[in-house]
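S.K.: Sequence and predicted structure are below.
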Amino acid sequence: MCSNSLEASFSDSSSNPSNDNFRNSIQLQLINLAEYHDEDEGGKKRRKKQSEILEKGEGLEALLGSVSTYAHNTQSMFIVPFIIFYIILFPNETMIPQGYMIAQRELPYYLSFAFIIILPQMVIDVFLLHLLEVIWGFKVYDYFTYSEYKFRTREQNWINQEKYARSIIHSWRSLDNFSFSQQYYYTSALMSWGFIFQCMGMTIFLRQGYNPFADPMIFAFVPLVAIVVWIVKSSMDAVQQYFKIWQVEHNPISTVDVSQINKLDNESNLRQ
């Protein structure tokens, strides 16, 4: 009964960013009243670790690290099948199957496994995310709900242009500002594919003994790549403008007049 009342108090106070100390104290009490209030060595270490995280104010940073790792691992599951398919198309150029002593006839088995493992792994990840909430007290669902709300109510087309939350450690602010939205996964996928093709190109260079600096066409290839990049970027900008992708639609109902809120606080003698 006491635990339920504390949880209700915490949910009511979580909407106000000025109650960080109050939320930390409530979380510390919840840890002591949780069902894993056992006296074994594992339980003591777990409660000590939870208390250290909350006392240092690193709860959200630790949550961001765990969710970021999960997001990258999930994204890699969908990228791996395309990489294996690329290796199947160019086995002699990359020489990756020969380096790992894999017969070319066995590569389709790797490809089928990469597709089959996606669904079971995502089901396992659901339980792992719940374990993060149960064991370490990370409010994963609440954070995702708040991130979705922040993305839908953003003022800029690109969410990373919004103001950063100063209550978070500086190195984590950009990641939190992306809110694990569509733009975050788009940016992450674009950078991942860039690194993948770069690694594949360097692998082919080394395996085939190719020296790009000895090729006289390198001087024409560099400006050609720059021109292609400019054409692709301009085309993508035109598509984004035409289909209004990620454009913010301002809703006057959701607009908040801060002056009216301050006036109401003064009249009601409320303190933030």
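M.R.: Looks like it came in fine. Numbers count the residues shown, from 1 in each chain.

S.K.: C-alpha from now on. contacts and neighbour counts both.
M.R.: Will do.

S.K.: Mark out where each domain of the protein begins and ends.
M.R.: Annotated domains of the chain cover 1-57, 58-261 [automatic domain parsing].

S.K.: With mean pLDDT as added columns, please give the ones you listed in JSON lines.
M.R.: Formatted as JSON lines, the domains of the chain follow (pLDDT from 0 to 100):
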{"stretch": "domain 1-57", "mean pLDDT": "51"}
{"stretch": "domain 58-261", "mean pLDDT": "88"}
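
S.K.: I'd like the ones you listed as CSV, with mean neighbour count appended.
M.R.: Formatted as CSV, those follow (neighbours: other C-alpha atoms under 10 Å):
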stretch, mean neighbour count
domain 1-57, 14
domain 58-261, 14
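
S.K.: which residues of the protein fall in helices?
M.R.: In the chain, the segments counted as helices under DSSP state H are 2-13, 20-33, 41-55, 59-89, 91-94, 96-99, 107-116, 118-136, 140-152, 170-178, 182-208, 218-243, 258-268.

S.K.: so which of those helices comes closest to Asn160?
M.R.: helix 170-178 (5.5 Å; C-alpha to C-alpha).

S.K.: what angle separates that closest one from helix 140-152?
M.R.: On the basis of axes from the mean of the first three to the mean of the last three C-alpha atoms, to 10 degrees, helix 170-178 is oriented at 70 degrees to helix 140-152.

S.K.: and helix 170-178, what other elements does it pack with?
M.R.: helix 59-89 (3 or more C-alpha pairs under 8 Å, 6 or more residues apart in numbering; DSSP states H and E).

S.K.: What residues does Ser174 make contact with?
M.R.: By C-alpha atoms under 8 Å, 6 or more residues apart in numbering, the residues touching Ser174 are Asn160, Tyr164.

S.K.: got the helices of the chain as JSON lines, with distance to Glu162 columns?
M.R.: Output for the helices of the chain, formatted as JSON lines (distance: least, C-alpha to C-alpha, whole Å):
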{"stretch": "helix 2-13", "distance to Glu162": "25"}
{"stretch": "helix 20-33", "distance to Glu162": "22"}
{"stretch": "helix 41-55", "distance to Glu162": "27"}
{"stretch": "helix 59-89", "distance to Glu162": "18"}
{"stretch": "helix 91-94", "distance to Glu162": "42"}
{"stretch": "helix 96-99", "distance to Glu162": "43"}
{"stretch": "helix 107-116", "distance to Glu162": "37"}
{"stretch": "helix 118-136", "distance to Glu162": "28"}
{"stretch": "helix 140-152", "distance to Glu162": "10"}
{"stretch": "helix 170-178", "distance to Glu162": "7"}
{"stretch": "helix 182-208", "distance to Glu162": "13"}
{"stretch": "helix 218-243", "distance to Glu162": "20"}
{"stretch": "helix 258-268", "distance to Glu162": "18"}
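
S.K.: Quick one, which of those helices gets closest to Glu249.
M.R.: That would be helix 140-152 among these, by C-alpha to C-alpha, at 9.3 Å.

S.K.: Mind listing residues that contact that closest one?
M.R.: Residues outside helix 140-152 that contact it (C-alpha under 8 Å, 6+ apart): Leu63, Leu129, His130, Leu132, Glu133, Ile159, Ser179, Phe180, Ser181.

S.K.: and the gap between Pro67 and Trp158?
M.R.: Rather than Pro, residue 67 is Val. Noted for Val67: a distance of 21 Å to Trp158, by C-alpha to C-alpha, to the nearest Å.

S.K.: For Trp246, give me the backbone phi and psi.
M.R.: When read as degrees, to the nearest 10, the backbone of Trp246 gives phi 60, psi 20.

S.K.: Equivalent analysis for Gln247, please.
M.R.: Dihedral pair for Gln247: phi -90, psi 140, per degrees, to the nearest 10.

S.K.: who's in contact with it?
M.R.: Neighbour list for Gln247: Asn157 [criterion: C-alpha under 8 Å, 6+ apart].

S.K.: one more time with 10 Å
M.R.: Shown in contact with Gln247 (C-alpha atoms under 10 Å, 6 or more residues apart in numbering): Arg154, Glu155, Gln156, Asn157, Trp158, Gln240, Gln241.

S.K.: Also Ser112?
M.R.: When contacts are counted by C-alpha under 10 Å, 6+ apart, Ser112 touches Pro81, Ile84.
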